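A.B. asks: Fold the following for me, if possible:
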Amino acid sequence: MDEVEFLRGRVYGADHEDAGPRSDRAYAQLVGGPLDGLLLDVTDRTEQELREVALTTEIGRYGPGGRALYARRESDGGRLDWRGDAPGVP
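C.D. replies: Predicted coordinates for the structure are as follows:
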């Protein structure tokens, strides 16, 4: 199993020991970019908050502390498409 296959179906930001989705939460799939295939917990997020999200990642263009930018797909609210990477906030 390679790293990409290992990450699919896992929840972004969840503890490595318990990174699977929970039945009492709502998720959107991250599509493309460094976090491709991960699920983002959107349970308590508003539509406005999901227009674009910046997620911290070590595996993007800017390395540790960098951000991967994702935006909600118009035709499918259950997916967030990668829009690019950004440096971390100093």
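A.B. asks: what's the burial count for the closest residue to G66 other than its chain neighbours?
C.D. replies: Spatial nearest neighbour of G66, chain neighbours left out: G60 (4.5 Å); criterion: CB to CB, 6 or more residues apart in numbering. C-betas here are computed from N, CA, C, even on glycine. Using other CB atoms under 10 Å, G60 has 23 neighbouring residues.
A.B. asks: surely G60 meets G33?
C.D. replies: Yes. Taking CB atoms under 8 Å as the definition, G60 is a contact partner of G33 at 7.1 Å.
A.B. asks: Can you pull the residues that touch both of those two?
C.D. replies: Applying CB atoms under 8 Å, 6 or more residues apart in numbering, one finds that G60 and G33 are jointly contacted by 68, 85.
A.B. asks: Point out where the chain drops to low pLDDT.
C.D. replies: For the chain, applying pLDDT under 70 flags the ranges 1-8, 90.
A.B. asks: Which residue ranges of it form strands?
C.D. replies: For the chain, the strands defined by DSSP state E cover 27-31, 39-41, 53-57, 66-73, 76-86.
A.B. asks: would you turn these into JSON lines with distance to V11 and mean neighbour count?
C.D. replies: Formatted as JSON lines, these follow (distance: least, CB to CB, whole Å; neighbours: other CB atoms under 10 Å):
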{"stretch": "strand 27-31", "distance to V11": "7", "mean neighbour count": "19"}
{"stretch": "strand 39-41", "distance to V11": "5", "mean neighbour count": "20"}
{"stretch": "strand 53-57", "distance to V11": "12", "mean neighbour count": "18"}
{"stretch": "strand 66-73", "distance to V11": "14", "mean neighbour count": "19"}
{"stretch": "strand 76-86", "distance to V11": "13", "mean neighbour count": "16"}
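A.B. asks: JSON lines for these, including distance to P21?
C.D. replies: JSON lines is the format used below for these (distance: least, CB to CB, whole Å):
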{"stretch": "strand 27-31", "distance to P21": "6"}
{"stretch": "strand 39-41", "distance to P21": "6"}
{"stretch": "strand 53-57", "distance to P21": "17"}
{"stretch": "strand 66-73", "distance to P21": "17"}
{"stretch": "strand 76-86", "distance to P21": "12"}
